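Asks: got a predicted structure plus its sequence, pasted below:
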Amino acid sequence: MNLEPRTLTVLLSLQLLTLGLALPLLTGLRGNATMRWAQGSLWAQLGTWAVVVLVGHPLPLPALILGYGLGGLSFVLALRALQGWLGPRPGMKWAWALWLLAAPLLVLGQPYPKLQQAGLNLWLALLQGLVVLGAWAPAPKAHESSRRWRTLLALPLLPLMGLSLWRAFIGWTDPVAYPALTGSHPVAQAYLVLSGLAASFAALAFMSAWRGEAEGRLRHQAKTDSLTQLSNRRAFQQRGAEMLAVARRHREPLALYLLDVDHFKQINDIHGHISGDEALGLLARLLKQVVRPGDCVARLGGEEFAVLLARTEGQGVEAVDARLRTALGVEAERELGFALDFSAGWALLRHGDRSVEDILRRADVGLYAAKNGGRGRLCAEPSLMPAPAP
Ligand SMILES: Nc1nc2c(ncn2[C@@H]2O[C@H](COP(=O)(O)OP(=O)(O)OP(=O)(O)O)[C@@H](O)[C@H]2O)c(=O)[nH]1
């Protein structure tokens, strides 16, 4: 099969144009920043082939610089998009530095075609390799499902990288037989066909990454209280079920600490709703600070918060309560300009408890006792209260 190089480059340009238009249409014209890097990568790739199609063979130096510059840029932008979706990528700085090398390589390499052809293809292979590395390097925060689209992006780049290295080798050893992309050498044809496949796979991978990102955001929102960024009631129940199972398996104590701001309606009425929101934000922040990292802190609703304290008994709960009251005593006056107090109740996991709701019900009885006892205090569930003196 002999594929005419010009037809191939025109088809490749049309394919990239279609993908370049389809992505913003599917993901929204404004999109998010990461998607814009990804779209930029496809457009830069289109730019390369458009230069080849529009200028024709042989490409003068400025067109070569523009074509290679855009081609290299498309790999750098793809890596930058990966960084947006997966977190810091190895080789990001190297990719930018390599990209800047294109023009000097082309200008200074003019008198040495052997060196130039080998150097430019090596340069391309390195950039392609950095994208492969960026796709496959560990990304601890990425969702498990990202493996599929990362593979989709990286896999077609491997043969492309192989072809770049091959072209570098031929360019160095036999410059006369060099497979220029505007010629009909089978290696050049394979490179063009593979470039088209890689672009299609990249576009699919970008779409998948974008969808995964949106799903991750929704998952986070479904579990998080938007005002305080703490877990919401549903996440508290889910995490609570896990903590309950662990506590049972290891026969460890588990405590539930429940608190409710005192006279919060008055705070809203006197200082305004925004100050009320700030007060809830402050309480949430301090609550996070006074417990251990593995404990589950949640806003159950309104001005009510709960914490599941792993491996904790009564003394531990009292210590947390004391630390929170001390911190709030200082910070509320300083940050809000008024005092903030709360009542709290607590309960321990018991043998017959089936869910966190069972412990929560008993902690609520303690909280009710604290409110009735004059507020601003901590009370245990009735069965944990010290027996009255005879
Ligand atoms: N600013 C703000 N206020 C809220 C929010 N959620 C609930 N509230 C208000 O919290 C107040 C709770 O009032 P109450 O249930 O009477 O409780 P309280 O005034 O704290 O009284 P006690 O609990 O008995 O000390 C209501 O006025 C709610 O409108 C919120 O997200 N932000």
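Replies: Nice, thanks for sending it over.
Asks: in the stretch 251-390 of the chain, which spans are strands?
Replies: Counting by DSSP state E, counting those that start in this stretch, the segments of the stretch 251-390 of the chain that form strands are 254-261, 296-301, 304-310, 342-348, 378-380.
Asks: for residue 357, find the nearest of those.
Replies: Nearest to residue 357, of all the strands of the stretch 251-390 of the chain, is strand 254-261, at 10.2 Å by C-beta to C-beta. Heads up, the C-betas are built off the backbone N, CA and C, glycines and all.
Asks: average pLDDT across the closest one?
Replies: Across strand 254-261, pLDDT averages out at 98.
Asks: tilt between it and strand 296-301?
Replies: Going by axes from the mean of the first three to the mean of the last three C-alpha atoms, to 10 degrees, strand 254-261 is angled at 40 degrees with respect to strand 296-301.
Asks: re the thing from before, in TSV: the strands of the stretch 251-390 of the chain, plus mean neighbour count and distance to residue 331.
Replies: Listed next are the strands of the stretch 251-390 of the chain as TSV, based on neighbours: other C-beta atoms under 10 Å; distance: least, C-beta to C-beta, whole Å:
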stretch	mean neighbour count	distance to residue 331
strand 254-261	25	14
strand 296-301	20	17
strand 304-310	24	16
strand 342-348	26	13
strand 378-380	23	19
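Asks: quick one: closest of the ones you listed to the ligand.
Replies: strand 254-261 (5.2 Å; C-beta to the nearest ligand atom).
Asks: residues of the helix ranked longest in the chain that come out buried?
Replies: If you go by DSSP state H, the chain has its longest helix at helix 186-223. Neighbour-count burial for helix 186-223, counted by 16 or more other C-beta atoms under 10 Å, picks out 187-192, 194-196, 198-203, 205-210, 212-213, 216, 223.
Asks: once you drop chain neighbours, what's closest to the residue in the chain that the ligand sits nearest to?
Replies: Nearest residue of the chain to the ligand, counting by C-beta to the nearest ligand atom: residue 276, 2.6 Å away. Among residues not flanking residue 276 along the chain, residue 268 sits closest, at 4.2 Å (C-beta to C-beta, 6 or more residues apart in numbering).
Asks: all helices for the stretch 251-390 of the chain, in order.
Replies: 264-271, 273-290, 314-331, 356-372 (DSSP state H, counting those that start in this stretch).
Asks: can you lay out the ones you listed as TSV showing mean neighbour count and mean pLDDT?
Replies: Listed next are the helices of the stretch 251-390 of the chain as TSV, based on neighbours: other C-beta atoms under 10 Å; pLDDT from 0 to 100:
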stretch	mean neighbour count	mean pLDDT
helix 264-271	14	96
helix 273-290	17	97
helix 314-331	16	96
helix 356-372	19	96
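Asks: what are the bridge partners for the residue lying closest to residue 288 once chain neighbours are set aside, then?
Replies: In this structure, residue 288 finds its nearest non-sequential neighbour in residue 297, 5.6 Å apart by C-beta to C-beta, 6+ apart. Beta-bridge pairing of residue 297 under DSSP bridges involves residue 307.
Asks: what's residue 297 in contact with, if anything?
Replies: 230, 231, 284, 287, 288, 291, 305, 306, 307 (C-beta atoms under 8 Å, 6 or more residues apart in numbering).
Asks: next one: it from residue 320, what distance?
Replies: Residue 297 is 10 Å from residue 320, where distance means C-beta to C-beta, to the nearest Å.
Asks: anything in contact with each of these two?
Replies: With C-beta under 8 Å, 6+ apart as the test, residue 297 and residue 320 both reach 291, 307.
Asks: which residues does whatever helix or strand residue 39 lives in contact?
Replies: Taking DSSP states H and E as the definition, residue 39 sits inside helix 33-55. By C-beta under 8 Å, 6+ apart, the residues outside helix 33-55 that reach it are 6, 9-10, 12-13, 16-17, 19-20, 23-24, 27, 31, 59, 63, 66-68, 70-71, 73-75, 77-78, 80-81, 84-85, 181-182, 195, 199, 202-203, 206, 209-210, 213.
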